[in-house]
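here is a sequence together with a model predicted from it:
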Amino acid sequence: MQKFNGKIVLLAIVALFVFGNIANAITVKEIMNKLDDLMDQRSDISAKVSMTQKKVGQGTKNIESFYYRRDSDDSFLIIMTAPATDKGNGYLRVGDNFWMYRRNTRTFQHINRDENIGGTDMKGGDFEKRKMTELYAPVKKDGEENLSETMLGKIPVYRFEIKAIVNDVTYPKQIYWVRKDNFLPLKVQSFSLSGTLMQTSYYLKYTTIEGKYVMLKGIFIDEFEKGNKTIMNLSGISVKKLSDHIFTKAYLESLSK
Amino acid sequence: MKLNMMIAFRNLIRQKKRNIMLGIAIAFGTMILVMATSFASGITDTLFNKIIVYMTGHIRVSITEKMKYKELITRDKDRIITIITNSIEGIDYIEEEITTFSSGVGNGKSELFPLIGVTGTKGFLDEYIGTSIVEGNPGDYTNKDIENPILLSASKAKALNVKVNDIVRVKFQTIYGQMQSARLTVVAIYEPGNEFMSFVVYLDTDSLKKLMGYKNYESGALKIALKKVTDPEDVVKLADDLHKILQPGIAGYYGDVQNGNKSARATVIGVSTNSNAQKLLKADLTIIAGSIENIVDDNAALISEQLAKKINAKVGNTIKGSYIPKFEKIRASDKYVVKGIFKSEILAGDIVLANENDFFKTYYNHLPKALDTNSGAFVPPIAKTKIDEPKGKHPPRPPKRRPSRRPNSKSEEAKPATPKTVIDALSREWTLQDRTRTSDEFRRKMRELSRKKWKGASMDVNTMYEMADFIIQFEGALRMIAFVMVMILFFIILIGVVNTLRMSIRERTREIGTIRAVGMQKRDVRQTFIFENLFLSFFAAISGTIVALILMWILSLLNIEAKGMLSLIIVDNHLHFLPKIGSLIFYILLIMGVTALTAYFPARKAAELSAADALRHYE
């Protein structure tokens, strides 16, 4: 009878462990692909967006709007409903045309994607359907991706760092904390070109609509000017097909009345 | 006439008291007119030559790329500067316009302000800022050991709650729309000479360029300041001349085109994809495979048959074009999908015509080397041309049309209206916008531009007078108001003149009779009275002008601490008057003319008196 070769068994166990882990190890690129897939809306969407903006020395401002998005060409329409000074103003993007509508002058004005929306820090470019993998790549340290497993409160998360590979994104560097189980982003830190932390975003609540995740509540903390923050809530979300006449200037004008 | 003038002059000094009083009144009116119009000219001079010239220069050359960012960017600034210096005489300096609007946080306080890049020259530090320093050392502005040294006004320092050596953190967007932040160190605080200077914060140009994402060889707009400007029309003419010189070359490069493992040297040129361009392509290119219409697709390209054979390319293949850029060592490359293969009599050799929307994305970020070292332009291999390229001539103006309120759904270009051959379908390095003459025209042009989807670069040449012609209009309005008010004043004065003249004629009726009796004609009598008033108005106007000049000099010596908008009309805490010789002479002649006209009717009446009746006249 052959002697039981403990060494071989041990080696096999070690090999199983090592190769098993390699087979299960995830990369930042894979997580980014999953995020793209999670966030990829393949239907029209409409929602009510409420934002509470707190600024140091300026108090609290409530901003409300309705948001409509057409999936086929990534057009969108935003109509402001609060505060009273902005009520009736709106934004419409169809193809390469991006307009801002002012209710008091009843005029449309061409703007570009870098314009702020409704006095917030959101820009037209933020609404564009662009994949994360087209805009960012993992940051590597000594050839290794900057990816680690950690806890965010009581939730196990992946933490990874990415940097922009195009120059027309707002934040050239970001750090993500995403859930290990379903890859939903829970926290994102956004950095300026010079590496200064500018904003921390917390995604507190999600819902699923037709298998896709939609954020319901988020908090965006201004790290540059301490004390400023914005709380965003989405409600009344619908993925019903939207009529084409919604994405017209005439409709935006009629809504503003 | 000489005798009449002598008599008139003698009569003038005969009635001293009356004429002195009249003269004082006319002098007073002249003084008011000269001072008011000189003040209006002074305001314009201050706004143009002491504020706006630093903001925009006398002439400004700006390039905008109609892509996804809004800042001005001159990709090859040395080339443009060379063209400018070779074309214009009398240049004082050319400065890069590097500016951004930022949000700054000081010690517990935050503010919005423009951040302006200024090179720390002696002229700026010593002459412009140096005389008004409140705290700190302006010399530290060029100190490389200090992190981003800045200069700011006392009011801005107070708003941010900072002092010298404090840090101001700023955030703003780069020219590509990326969020940027920086720490700025206050090295000096100054008391601003005008209201505009109180808003801004000055940072070294090179530092701000780097933060904003400009490369060393890039710049914002270029501001040209001229040495001596006496007439705005001279500046406008120079701008027109410069505009003619800045004609763009064709946008393209010589490089390698690869299909799989086959490659060849080839010319890659951007091509317009609008309907006009497609017509021209169809007229000149003979399609061997594929179709010209598909050039509108993303990353589409048409390649010459010769090249297709060399690299074994077929319709549907993805080819890669690469070249060594002018300013970088790493090759730039881009990929295109072959949508058509053509033959052409005009475009010779191995050619790729690439959809300009995609072509420009690589082209502008990695400018290719120029082949024409004189002009710095790319020279495409053109077998023959059917029309001459316009060289040195002003390009034809497109027909004027009302700006449309409705956006076009199809892609439009800011190009001349009627292209003629396939050469005109080729992309240009930039589109040269038409010159405008007024602020309204300039604004209309900008609105039109914002509606177009032209993805290439758009160059504009304008003068500060067009961009701020409201200032010229403002001066004109001020002058008109001053002129009208003084004319009203003169009207009142001239009533006195007429009345006095009538009294004088009445008193001298017998004298008139006497001189008529000894042979003086009616015309001579009339002339005598008119000359008398001309002399009066001349001496009074001269006196009034001299008094005005003296008063203006005295007033300009007063030290005035002006705040707010009033500081716009104050230069270094002093009032600024700008009398113009031409205007002074005009006013004097005008006053003389008006007085002469006023005196004509009573003088004519005096001349009509019969000698006999005049001699019999008793008071």
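Thanks, I have it.

how about the strands in the stretch 201-350 of chain B?
When assigned using DSSP state E, counting those that start in this stretch, the strands of the stretch 201-350 of chain B occupy the ranges B:201-203, B:221-226, B:252-259, B:262-271, B:286-290, B:300-304, B:318-323, B:332-343.

and these, which is most packed in?
strand B:300-304 (a mean of 27; mean count of other C-beta atoms under 10 Å in any protein chain shown). No exception for glycine: its C-beta is placed from N, CA and C like everyone else's.

wait, what's in contact with A:Met32?
By C-beta atoms under 8 Å, 6 or more residues apart in numbering or on different chains, A:Met32 lies in contact with A:132-133, A:136, A:138, A:162.

what residues does the stretch 51-200 of chain A put near chain B?
Within the stretch 51-200 of chain A, the positions near chain B by C-beta under 8 Å from any C-beta of the partner chain are A:56-57, A:95-97, A:99, A:110, A:112-114, A:123, A:125, A:164, A:167-172, A:190, A:192-194, A:196, A:198.

residues near B:Gln473, how many?
12 (other C-beta atoms under 10 Å in any protein chain shown).

right, I mislabeled it, should have said B:Ser543
Neighbour tally, B:Ser543, other C-beta under 10 Å: 17.

and the strands of the stretch 201-350 of chain B: which comes nearest B:Leu609?
B:Leu609 lies closest to strand B:221-226 among the strands of the stretch 201-350 of chain B, at 61.7 Å (C-beta to C-beta).

for B:Ile585, the count of nearby residues, please.
The tally of other residues near B:Ile585 (other C-beta under 10 Å) stands at 11.

work out for me the element it sits within.
Element membership of B:Ile585, judged by DSSP states H and E, is helix B:581-608.

list the buried residues for that helix?
Neighbour-count burial for helix B:581-608 flags B:583-584, B:587-588, B:590-592, B:594-596, B:598-599, B:602-603, B:606-607 (criterion: 16 or more other C-beta atoms under 10 Å in any protein chain shown).

give the next helix or strand downstream of it.
helix B:611-616.

just to be sure, A:Ser72 is in a helix?
No - using DSSP: H, G, I helix; E, B strand; the rest coil, the secondary structure at A:Ser72 is coil, not a helix.

now it: phi and psi?
phi -60, psi -40 (degrees, to the nearest 10).

from B:Ile98, how far off is it?
Taking C-beta to C-beta, to the nearest Å as the measure, A:Ser72 falls 42 Å from B:Ile98.

between these two, who's got more neighbours?
Set A:Ser72 next to B:Ile98 and count neighbours by other C-beta under 10 Å: B:Ile98 wins out with 28 against 10.

check contacts around that one.
By C-beta under 8 Å, 6+ apart, B:Ile98 lies in contact with B:116-117, B:205, B:208-209, B:212, B:214, B:219-220.

for the closest residue to B:Ile146 other than its chain neighbours, grab the count of nearby residues.
Nearest residue to B:Ile146, sequence neighbours excluded (C-beta to C-beta, 6 or more residues apart in numbering or on different chains): B:Thr185, at 5.2 Å. B:Thr185 has 18 neighbouring residues, counting by other C-beta under 10 Å.

which pLDDT value does the model give B:Thr185?
Looking at B:Thr185, its pLDDT is 96.

over to the one 10 residues further on?
The predicted local distance difference test score for B:Glu195 is 70.

against B:Phe101, how distant is it?
Look at B:Glu195 and B:Phe101: by C-beta to C-beta, they are 18 Å apart.

wait, B:Gly220 touches B:Glu96, no?
Yes - between B:Gly220 and B:Glu96 there is a contact under C-beta atoms under 8 Å: 6.0 Å.

more neighbours: which of those two?
With neighbours defined as other C-beta under 10 Å, B:Gly220 and B:Glu96 compare such that B:Gly220 has more, 25 against 22.

re the thing from before, just the contacts of A:Met32: which are in strands?
A:136, A:138, A:162 (DSSP state E).

elements contacting the helix holding B:Ile585?
In terms of contacts (3 or more C-beta pairs under 8 Å, 6 or more residues apart in numbering or on different chains; DSSP states H and E), helix B:581-608 is packed against helix B:16-45, helix B:469-507, helix B:522-557.

nearest to B:His576, of those?
Closest approach to B:His576 among the helices and strands packed on helix B:581-608 (C-beta to C-beta): helix B:16-45, 4.1 Å.

next one: that closest one to chain centre, how far?
Put simply, helix B:16-45 sits 33 Å off its chain's centre (C-alpha atoms, centre = their mean, to the nearest Å).

angle of that helix against helix B:522-557?
Interaxial angle, helix B:16-45 versus helix B:522-557 (axes from the mean of the first three to the mean of the last three C-alpha atoms, to 10 degrees): 50 degrees.

okay, buried residues for the following helix or strand past helix B:16-45 please.
Next helix or strand after helix B:16-45 toward the C-terminus (DSSP H and E): helix B:53-56. Using 16+ other C-beta under 10 Å as the test for burial, helix B:53-56 gives B:53-56.

so where's the stretch 51-200 of chain A shaky on pLDDT?
Applying pLDDT under 70 to the stretch 51-200 of chain A flags the ranges A:112-115, A:119, A:121, A:123-128.

can you give me the helices in the stretch 1-150 of chain A?
A:6-24, A:28-39, A:132-135 (DSSP state H, counting those that start in this stretch).

coming back round to it: who has more neighbours, B:Glu195 and B:Phe101?
Legend: neighbour count by other C-beta under 10 Å for B:Glu195 and B:Phe101, higher for B:Glu195 (19 against 10).

from chain A, how far out is that one?
Here the criterion is C-beta to the nearest C-beta, to the nearest Å. By it, B:Glu195 lies 24 Å from chain A.

state the distance from that residue to B:Ile569.
10 Å.

now do B:Lys369
B:Lys369 sits 51 Å away from B:Ile569 when distances are taken as C-beta to C-beta.

looking at those two, which is more packed in?
B:Ile569 (18 against 15).

give me the nearest residue to the more buried one, chain neighbours excluded.
The shortest distance from B:Ile569 to any non-neighbouring residue, by C-beta to C-beta, 6+ apart, is to B:Ile43 (5.0 Å).

the one you found contacts B:Val571, correct?
No - at 10.1 Å, B:Ile43 and B:Val571 do not qualify as touching, with contact defined as C-beta under 8 Å.

neighbour count for those two, which is higher?
Neighbours per residue (other C-beta under 10 Å) separate B:Ile43 from B:Val571, with B:Ile43 holding more: 21 against 18.
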